[in-house]
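Participant: sequence-free structure coming up:
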């Protein structure tokens with residue numbers, strides 16, 4: 001299957017930064033993404049602070065093509081990360097998605113206010129994860 005990314009063939013556009021503390025969710029998402037496009041590189045961080053540190057250390061040329069945030073990640077939640085990212089111009093053009101087990105309308109509105117392109121509820125099935133992975137890839141740079 002050809003790569004799903006439409007932007008450029010750069011490694012930047014094929015990299016997704018994931019802030020997710022659940023190892024199973026990390027692995028399921030990685031498998032689903034690779035089943036769609038094996039060239040995708042998923043870089044995972046288990047806390048909000050580790051995510052922010054990892055992202056801040058990247059040069060502009062190596063920034064990811066997509067950011068995916070678990071809303072309930074430890075240390076900084078998804079909305080707090082979005083709020084910090086919104087204050088830094090260098091991250092303005094990177095699409096940001098939040099996924100969560102919660103379908104809270106308040107959480108969704110907070111995330112969209114701080115710049116998330118979408119708020120996705122984590123599915124409970126493998127086929128649901130595959131559908132979410134496909135949707136995530138449509139947002140990549």
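Facilitator: Everything's here; your move. The structure presented is a predicted model; accordingly, all values stated were derived computationally and were not measured.
Participant: Please make it C-alpha for all contacts and neighbour counts, starting now.
Facilitator: Noted.
Participant: how near is residue 89 to residue 56?
Facilitator: In this view, residue 89 and residue 56 are 12 Å apart by C-alpha to C-alpha, to the nearest Å.
Participant: out of those two, which sits in the more crowded spot?
Facilitator: residue 56 (15 against 8; other C-alpha atoms under 10 Å).
Participant: Now do the residue nearest the centre of the chain against residue 91, distance only.
Facilitator: Taking C-alpha atoms, centre = their mean, the centroid of the chain lies closest to residue 68, which sits 1.2 Å from it. The spacing between residue 68 and residue 91, counted by C-alpha to C-alpha, is 13 Å.
Participant: And residue 46, by the same measure?
Facilitator: Taking C-alpha to C-alpha, one finds residue 46 at 20 Å from residue 91.
Participant: And for residue 137?
Facilitator: Distance, residue 137 to residue 91, by C-alpha to C-alpha: 18 Å.
Participant: For the chain, give me the ranges with low pLDDT.
Facilitator: Applying pLDDT under 70 to the chain flags the ranges 1-12, 141.
Participant: all strands of it, in order?
Facilitator: 15-19, 41-45, 66-70, 96-100, 118-121 (DSSP state E).
Participant: No further queries at this time; thank you.
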